[in-house]
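J.: predicted structure and sequence below. I'll ask about it afterward.
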Amino acid sequence: MSTNNLSYNDQGGSDSAVEVGQETTPTSSNAGAGFGLFSTNFKKNDDLKEMLESNKDSLKLDAMKRIIALIATGKNASELFPAVVKNVASKNIELKKLVYVYLVRYAEEQQDLALLSISTFQRALKDPNQLIRASALRVLSSIRVPIIVPIMMLAIKEAASDMSPYVRKTSAHAIQKLYSLDPDQKEHLIEVIDKLLKDKSTLVAGSVVMAFEEVCPDRIDLIHKNYRKLCNLLVDVEEWGQVVIITMLTRYARTQFTSPWKEDGLFDENSETAFYESDEKKTKNGDEKKSYMMDPDHRLLLRNTKPLLQSRNTAVVVSVAQLYWHLAPKHEVGVITKSLVRLLRSHREVQYVVLQNIATMSIQRKGMFEPYMKSFYVRSTDATHIKSLKLEILTSLANEANISTILREFQTYVKSQDKQFAAGTIQAIGRCATNISEVTDTCLQGLVLLLSNRDETVVAESVVVIKKLLQTQPTQHSDIIKHMAKLFDNIAVPMARASILWLMGEYCERVPQIAPDVLRKMAKSFTSEEDIVKLQTVNLAAKLYLTNSKQTKLLTQYILNLGKYDQNYDIRDRTRFIRQLIVPNEKSGALGKYARRILLAPKPAPVLESTYKDRDRYQLGTLSHTINTKASGYLELSDWPAVAPDQSVRNVEVIEPVMIHLYFYYPCPLITQSSSEAESDEEKSSSQSSEESDKSSSQSEKSSSESDSEQKKTTKKPPQKKTVKPTLRLNHTFFLVPVLLSVVPVSGYTVLSQSKCLSRSLFSLCILTPCPLSCAAALLQVSGPAFVPEKRHDLLHRMTGKGLSAQYQFPRQPCLYQPTMVSVQISLTNTTDHPLEQIHIGDRGPTGLDMHCFNTVECLLPEASVTVSLGVDFNDSTQAANFQLCTKEDQFSVSIQPAVGELFLPATMTEQDFRKEQGKLLGMNESSATITMAAENTTRQPISRQVATVANLGVVPSGQDNIHRFAGKTASSGAVVLVTVELRESSAALITINTEKSVMGPMLLRDLKRALTRA
């Protein structure tokens, strides 16, 4: 029990062990019945069950952590399922996450209990937290019960439209689970896949392509419109998603593009003139060569995958390599060589797969890897299978120029203590001798010298290889045959003895004195030989009987008699067949006349080929290529089409934004009718056109019940507005500032051209910020948030709110109600057993604070949650927004306290503009401090993450590695906020903040110091 107690304390701590009543001393009388986690006692998990049923979230959280730790160590925690599933509706986010992790693991095993919680999972699919929504969908798809297929289908469709890319990614994973459970849902799932394929998030791309490959890999038409998007997103997709997408695009390209390997465009690596030859030169037939024109989409795929050869993930590099091998022109494939050789420094498992791919490539393209030949030299620490692959590659790379170097390397390998590797080396020498005729004699002489080696394995393999080589030139090597006959008595390996006997029989006429003597020796030891040796002995006897019956007739009859009663039926059958064939008698028919032609027929020389020669029929990098057998689920590469399909199917219609010029007087918070009235003082025609525009906009706001004819009348004669030239009034108060807006047409709104005035409906789409002291803020381009914190703040506790719970967070999105406001999301939860009605905002304060309230929530059911949005103009201050959250019966005073970093809008600018604006904000507008950075925060990515966590700022590109810049502007006044983090020696850093808001600068500096110094 001491080990149980130690494990238990490691998981939960000694205090927890005492608290749940665990035995802590091995000397206790009932130590054998302790509650250790790894005990075999039936009460071993009672303490965890008690903790899970406790009213304290801290105890439940501690119990779940220990249960997950149990699962991680491979222990079975399925008996805790009933106790765990009770907490699936917990309000504690951390606890709920762990419960979902447990349920994903055991939902399939405990289907009946999991089904009882389906309603909870369905409610969780509407949870404001994206992790909870995704976890609920993951658990729901793990319950493998056909009865809930419709529920899963509905959940997947809803998740596919979720705002969070993480939830959409989870829905793509759920598609594969649902398809394996019910293949009849294929058509509905294809619709969801088609929708997700159009998603622009890099987080979703890899998962949806994996679902595509599992459900409908033959639906190439779904890829057409998304092909270019996938190519462009590829570099930003997570690594395993890149592997899936590259494999899919390889198959796609083989069906949509013509072959770049055609005769007219083929690159001959053995001829230097083939590449540099002028296109104007004519062929032998007098026809002009046709230049191969690659499809732009084909080139796009090759260009966007090439940078991934530098990936740290081996699978990505191999995927790109196979793509180039199967799709790129011959002269461009060489770019993958260095990347593949780089992978040989990795683990032996990685080396094995990479070397297999290189072995297949090196057979067809020797020149690719010849410059890196030394990388394939065998090391003493290599495993046998790695050595064999390197040997295979070296043999394939051998040519007249490097054969001497390779043979010297092989001489060392033959002496290896690894017998299997030494035998493989001798076979490699034989292949080199066959492929390169210049070294055939040298190799034969070297192999003959190995016949005197003390190692039987080396001698046996040498005999087998020599036998194969002698078949190519038998007339020139009778001396070698004689030498092998002399060594016959010293060779004990059956295969080697059988090879020598075959040589004696095949070329018995060239050694007429030696062959009968070898047969005599075999007659003595026939009964003790191996079966393969006996079969060759019978063959030798038959051949000698036909060529030299005078000397070997009696020996042959003796051997045939021994074989007639041998225990092996193959030898008995062979003996009876040979006797009837060569020994004439009354029963033998016409077959005896052809005995010499049958037994002494000339045999073709064996071809020594690589075992990897036929593996190119499988796609490189696949399991089928590795095992040289078609694996389940393998999708074959199609042949190149003779004529390229229509490439217009990949064209996507792009809605170009309408560029609108607006002119307004500074300062001006928003462009309203007063702007047009001001312009009316200058031009009457402008005033008339604005009035007509207002009329048309009011008509557009009427109900949809109006007839189309009336709408046509209102738009029949559009007002003709004269172009207002921008004029600059340099007085003390106002001057005219031009602003260029890019407006994308949206259904339901009328987009007017430059010659028309903007309608009010369009103004609801435009977010304009007031000009600060310098006009730079108006020219800043507001960007999306770099980071959105998931932290929630309590607005109203359920005890204080009589069952109504409220939490708020800052989504860091532009406020839809007014651009000067900060967007706030509030999650309202009803924890009572009765519905709450008419939830709304009551009195507000302070009086100068502008707030846009959310619409009244008419009814909130028990245990239900709803998320609402409101906008607050904090006036660039961290002063709390106080208001009353009211129901039909009660009023509760609450307040929203913003952090200073939530009052900004991120912006992008060039480094030059950053320095220019920073030079204007010095002195009282600058705050700085020197800090000691945490060791984890000394690189670009952690610094950007920490700054983005503290403040909603955008990243400014920097040409210096030690200087990091961030920019933004305040939401209310649009004042520029510039942050600089300059790294110095010994983890020191200088933080500088430039802004005209002298109060906000020091507050932001304080928060950044705390974040960057904290590990």
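T.: Great, that's in hand. Nothing here was measured: the structure is a model prediction, and the numbers come from that model.

J.: a strand runs through Phe892, doesn't it?
T.: Yes - residue state for Phe892 (DSSP: H, G, I helix; E, B strand; the rest coil) corresponds to a strand.

J.: look at it and say how many residues are nearby.
T.: Counted with other Cβ atoms under 10 Å, the neighbours of Phe892 add up to 18. All C-beta spots, glycine's among them, are computed from the backbone N, C-alpha and C.

J.: and it, what is it in contact with?
T.: Phe892 is in contact with Leu796, Thr800, Gly801, Leu804, Gln884, Leu885, Cys886, counting by Cβ atoms under 8 Å, 6 or more residues apart in numbering.

J.: ok, the fourth one - contacts?
T.: Residues in contact with Leu804 (Cβ under 8 Å, 6+ apart) are 796, 798, 828-832, 836, 839, 860, 885, 887, 890, 892.

J.: filter the contacts of Phe892 down to the buried ones, ChimeraX style.
T.: Buried residues among the contacts of Phe892 (16 or more other Cβ atoms under 10 Å), as a ChimeraX selection:
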select :796,801,804,885,886
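
J.: can you tell me which of the contacts of Phe892 is closest to Gln960?
T.: Leu796 (47.7 Å; Cβ to Cβ).

J.: just give the nearest non-adjacent residue to that closest one, would you?
T.: Spatial nearest neighbour of Leu796, excluding adjacent residues (Cβ to Cβ, 6 or more residues apart in numbering): Ala806 at 4.0 Å.

J.: would you say the one you found is within a strand?
T.: Yes - Ala806: assigned to a strand according to three-state DSSP.

J.: bridging residues for it?
T.: For Ala806, the beta-bridge partners are Leu796, Leu828 (DSSP bridges).

J.: isn't it up against Thr887?
T.: No - the pair Ala806 and Thr887 does not pass the contact test of Cβ atoms under 8 Å, sitting 11.1 Å apart.

J.: could you measure from Ala485 over to Arg510?
T.: Applying Cβ to Cβ, to the nearest Å, the value for Ala485 to Arg510 is 11 Å.

J.: equivalent analysis for Leu113, please.
T.: For Leu113, the distance to Arg510 equals 83 Å [Cβ to Cβ].

J.: which residue ranges form the strands in the stretch 851-1000 of the chain?
T.: Ranges of strands within the stretch 851-1000 of the chain are 857-860, 865-873, 881-886, 891-896, 904-908, 926-932, 954-956, 963-970, 976-983, 988-995, based on DSSP state E, counting those that start in this stretch.

J.: low-confidence ranges, the stretch 301-450 of the chain, go.
T.: Within the stretch 301-450 of the chain, not a single segment meets pLDDT under 70.

J.: most centrally placed residue in the protein?
T.: Nearest residue to the geometric centre of the chain (Cα atoms, centre = their mean): Trp240, 1.8 Å.

J.: how about the contacts made by it?
T.: Gly206, Asn313, Ala315.

J.: my read: the first one touches Asp236, true?
T.: No - counting by Cβ under 8 Å, Asp236 is not a contact partner of Gly206; they are 10.6 Å apart.

J.: more crowded one of those two?
T.: Applying other Cβ under 10 Å to Gly206 and Asp236 shows that Gly206 carries more neighbours, namely 23 against 12.

J.: isn't there a helix covering that one?
T.: Yes - residue state for Gly206 (three-state DSSP) corresponds to a helix.

J.: kindly indicate whether the nearest residue to it once chain neighbours are set aside is helix, strand or coil.
T.: Once flanking residues are discounted, Gly206 sits nearest to Gly241: 1.7 Å by Cβ to Cβ, 6+ apart. Classification of Gly241 using three-state DSSP returns helix.

J.: and Gly959, what pLDDT?
T.: On pLDDT, Gly959 comes in at 83.

J.: what about the helices in the stretch 201-350 of the chain?
T.: For the stretch 201-350 of the chain, the helices defined by DSSP state H, counting those that start in this stretch occupy 202-215, 221-224, 227-233, 239-256, 272-276, 296-305, 314-327, 337-342, 348-364.

J.: now render those helices as TSV, adding distance to Arg596.
T.: Below are the helices of the stretch 201-350 of the chain laid out as TSV (distance: least, Cβ to Cβ, whole Å):
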stretch	distance to Arg596
helix 202-215	61
helix 221-224	66
helix 227-233	67
helix 239-256	54
helix 272-276	52
helix 296-305	62
helix 314-327	51
helix 337-342	55
helix 348-364	40
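
J.: which one of those helices lies closest to Gly923?
T.: Among the helices of the stretch 201-350 of the chain, helix 202-215 comes nearest to Gly923, with 43.4 Å by Cβ to Cβ.

J.: before we move on, the earlier item: would you reformat the contacts of Phe892 as JSON lines and include distance to His224?
T.: Formatted as JSON lines, the contacts of Phe892 follow (distance: Cβ to Cβ, whole Å):
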{"residue": "Leu796", "distance to His224": "52"}
{"residue": "Thr800", "distance to His224": "57"}
{"residue": "Gly801", "distance to His224": "54"}
{"residue": "Leu804", "distance to His224": "51"}
{"residue": "Gln884", "distance to His224": "56"}
{"residue": "Leu885", "distance to His224": "52"}
{"residue": "Cys886", "distance to His224": "54"}
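
J.: which one of the contacts of Phe892 is nearest Leu181?
T.: Taking those together and measuring to Leu181 by Cβ to Cβ, the closest member is Leu804, at 39.9 Å.

J.: ok, that closest one to Asn925 distance?
T.: To Asn925, Leu804 is 44 Å away according to Cβ to Cβ.
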